[in-house]
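Novice: The amino acid sequence is not available; the structure is as follows:
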């Protein structure tokens, strides 16, 4: 009953030009550019352009791209009305998966054309923040806040959600979070998007499916779990004994460890500094607690299991979002705000890559280990004779 | 730029007890039983039970299962109202993907429990026909037809869609179609469902994603394409020249050929006889035309390319659905009515299989072929300096 390729680890399934992880050196590049350079010099919109079009934009290209994104931020009023019929306690990721699929019912689409795919990508990147912010307002019985065309992508989302325009420092922190989460090669949700696109399904369909994959607690759900852990631990003095006990029980510590990085995740490094900065600004304990989770986990893993372990992207994003007053259950939807850029780029690559051989419909093999009653199959016993 | 594992062909990604294809002998088994035996002796509900629970049910088990399915057929009135806000010409697969995801917003769910997964599976199997039939009524401005608890699964769907109870022969034909489409190992939609479930996402989320994959024209969309082809050819005398020309142009003939079967697809064999029977009953030309497509394609492929080719499951289902007065664009949604059984069984297996090693989050490797400017990455040029 051995499974030969557990979770497809190490199996190269397709070529990509979009991003690359160097797990040994702890480097992540987008279209050739180190993400550390992008977090220092770029912003979310420019990074999105780079990921979609394979080049940094010129001034004109960027301002055209920005204008398109701003234009596309509104979602149909009717969609907001329909949200009012959902259970107020519904999982926001379920809501997002359904309403992203529903975009196809409100917008007319041409499927075969590559440029149409770019338009749909822009539509999705622009509308996902509005869907999430609308839901946040609706479920709390608040009036919807329309997008503000004077604000950038990061600031506009925070504004639509809270009704308040963020200060520039907060805007920058959130913008960097969006840059860092935008792509990460063939993670589970991106591979889902490629899988669905490989059947020639369209951009909304493949992105909605990717949101489903992101919702799982082993993937995008992890940053929510980190914040739940911090809230459960409560205070900094309880961190060490809590971590010690969990590791002794063989439990995973959320936000620690990664399948690909064998060293410090470069995204975690940047997020750690942002969390530190926000904590200095707000006076909240969450950065210090998270740092303690990091050091305690590293120390206990070494002591108890003799293993090195490092933070991943989810460890410090949890405290950042909490200090930005984002409700804990929106952590994963916010991951989607950023990752949709990667999904869109990969969907376009999957459907339109010009390199030969072109990617084909993914159809792996199953290893059958079930009932076998010889080449003719098991004998069908009529209902009356079954016990 | 060689892709090493095109479409994952031949890569064994997980164990399964659910179904097995013998591509050489043209055999498909569900949980050990030959589907030919099941089409002769069983019905859709019993086959669904078999696929979900790994055993044929006893009388009591089957009647309990039937009762649960009948109880779960209703969908929220509010969902039907929301459908009224969609574009009437929206793709029914987009609608289905969105409303299956939306089920999670109307039903309260427990995620970790295996029995809850079975309840959700029943809920999905029962409700997907109602979602599709409701949409068919709504987009045509007709009153919704409530489910009839005296009818079986196949008959009830045809009744909800048309408002008329089908005669027993028609019911049986449609029931056999549902049996034949219920599972087919790791096809693209089922593997999508498993992929999403591997992140621990829930049953509705994974099934909605699978619907996205099924919507692609290379997967479930193929039976729609077959009917479009027949309608385009128009009359039987035009079949041969049309096929000849298409093959000469290097075009694929929809409904012909399969990646796994190297001989006659056993499902196509059964469907061919059902199509013949329906044509005798209705006097319509679609069976004869389809048979001509089969023989002409086989002859031309041999002559022009020296290759053997056989019909697949989509070739004859198209004419059957057409003669059952099902609108062409509902062919793929009807595929989902049946295949959801396989998705649900595979989602449960993916999440709860007890064999070691347990399936893990699918995270394949990418082969990076994009820009490379050395280990430090490409130099970030400020916006003002770009041309």
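Specialist: Received the coordinates, thanks. These numbers come from a predicted model, not from an experiment. Residues are numbered from 1 along each chain as shown, chains lettered A, B, ... in the order given.
Novice: need the residues of the stretch 51-200 of chain A near chain B, please.
Specialist: Counting by Cβ under 8 Å from any Cβ of the partner chain, the stretch 51-200 of chain A comes close to chain B at A:54, A:56-59, A:62, A:78, A:81-82, A:85-87, A:90-91, A:93-95, A:97-99, A:101-102, A:104-106, A:108, A:185-189, A:191-192, A:195-200. Every residue, glycine included, has its C-beta placed from N, CA and C.
Novice: run the last query once more with 7 Å
Specialist: A:56, A:58-59, A:62, A:78, A:82, A:85-87, A:90-91, A:94-95, A:97-98, A:101-102, A:104-106, A:185-188, A:191-192, A:195-196, A:198-200 (Cβ under 7 Å from any Cβ of the partner chain).
Novice: Checking my notes, residue A:15 in a strand, right?
Specialist: Yes: if the criterion is DSSP: H, G, I helix; E, B strand; the rest coil, then residue A:15 is within a strand.
Novice: Report how many residues lie close to it.
Specialist: For residue A:15, the tally of surrounding residues (other Cβ atoms under 10 Å in any protein chain shown) stands at 19.
Novice: mind listing the helices in the stretch 1-150 of chain A by residue range?
Specialist: A:35-41, A:44-53, A:59-71, A:77-83, A:92-106, A:114-139 (DSSP state H, counting those that start in this stretch).
Novice: Check which helices and strands the third one sits against.
Specialist: Meaning helix A:59-71. helix A:44-53, helix A:114-139 (3 or more Cβ pairs under 7 Å, 6 or more residues apart in numbering or on different chains; DSSP states H and E).
Novice: With the longest one instead?
Specialist: Packed against helix A:114-139, as judged by 3+ Cβ pairs under 7 Å, 6+ apart, are the following elements: helix A:44-53, helix A:59-71, helix A:77-83, helix A:92-106, helix A:153-162, helix A:203-214, helix A:331-352.
Novice: just the first one next, same as before
Specialist: Based on contacts counted as 3+ Cβ pairs under 7 Å, 6+ apart, the elements that helix A:35-41 packs against are strand A:27-30, helix A:168-180, helix A:266-282.
Novice: which outside residues touch the helix or strand following the longest one?
Specialist: It refers to helix A:266-282. The first helix or strand that comes after helix A:266-282 along the chain, using DSSP states H and E, is helix A:286-300. Counting by Cβ atoms under 7 Å, 6 or more residues apart in numbering or on different chains, helix A:286-300 makes contact with A:230, A:233, A:236, A:239-240, A:243-244, A:247, A:253, A:256, A:275-276, A:279, A:309, A:311, A:315-316, A:319, A:322-323, all of which sit outside it.
Novice: what's the answer for stretch A:318-335, then?
Specialist: Contacts of stretch A:318-335 (Cβ under 7 Å, 6+ apart): A:92-93, A:96, A:132, A:136, A:162, A:170, A:173-174, A:177, A:181, A:214-215, A:220-221, A:223-224, A:226-228, A:230, A:255, A:271, A:274-275, A:278-279, A:282, A:284, A:286-287, A:290.
Novice: Number of residues surrounding the residue nearest to residue A:258 when sequence neighbours are not counted?
Specialist: Excluding its sequence neighbours, the residue lying closest to residue A:258 (Cβ to Cβ, 6 or more residues apart in numbering or on different chains) is residue A:312, at 4.4 Å. By other Cβ under 10 Å, 24 other residues sit near residue A:312.
Novice: Then the one 5 residues further on?
Specialist: The number of residues packed near residue A:317 is 27, by other Cβ under 10 Å.
Novice: cool, and residue A:325?
Specialist: Residue A:325 has 13 neighbouring residues, counting by other Cβ under 10 Å.
Novice: State the distance from it to chain B.
Specialist: 25 Å (Cβ to the nearest Cβ, to the nearest Å).
Novice: does that residue count as helix, strand or coil?
Specialist: coil.
Novice: Looking at it now. What's its pLDDT?
Specialist: On pLDDT, residue A:325 comes in at 95.
Novice: what's near enough to touch residue A:180?
Specialist: Contacts of residue A:180 (Cβ under 7 Å, 6+ apart): A:35, A:39, A:267, A:270-271, A:313.
Novice: ok, so of these, who is nearest residue B:27?
Specialist: Closest approach to residue B:27 among the contacts of residue A:180 (Cβ to Cβ): residue A:313, at 46.7 Å.
Novice: right, and the closest one touches residue A:267 too?
Specialist: Yes: Residue A:313 lies in contact with residue A:267 (Cβ atoms under 7 Å); the separation is 4.3 Å.
Novice: out of the helices and strands packed on helix A:59-71, deepest packed?
Specialist: Greatest average neighbour count among the helices and strands packed on helix A:59-71 goes to helix A:44-53 (a mean of 23), per mean count of other Cβ atoms under 10 Å in any protein chain shown.
Novice: tell me how far that helix is from the chain's mean position?
Specialist: 16 Å (Cα atoms, centre = their mean, to the nearest Å).
Novice: what would the helices and strands packed on helix A:59-71 look like in a markdown table with mean pLDDT?
Specialist: What follows is these, written out as a markdown table (pLDDT from 0 to 100):
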| stretch | mean pLDDT |
| --- | --- |
| helix A:44-53 | 98 |
| helix A:114-139 | 94 |
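Novice: Export those helices as a markdown table, with columns for distance to residue A:329.
Specialist: Output for those, formatted as a markdown table (distance: least, Cβ to Cβ, whole Å):
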| stretch | distance to residue A:329 |
| --- | --- |
| helix A:44-53 | 22 |
| helix A:114-139 | 10 |
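Novice: Residue B:346 is nearest to which of those helices?
Specialist: Of the helices and strands packed on helix A:59-71, nearest to residue B:346 by Cβ to Cβ is helix A:114-139, at 28.0 Å.
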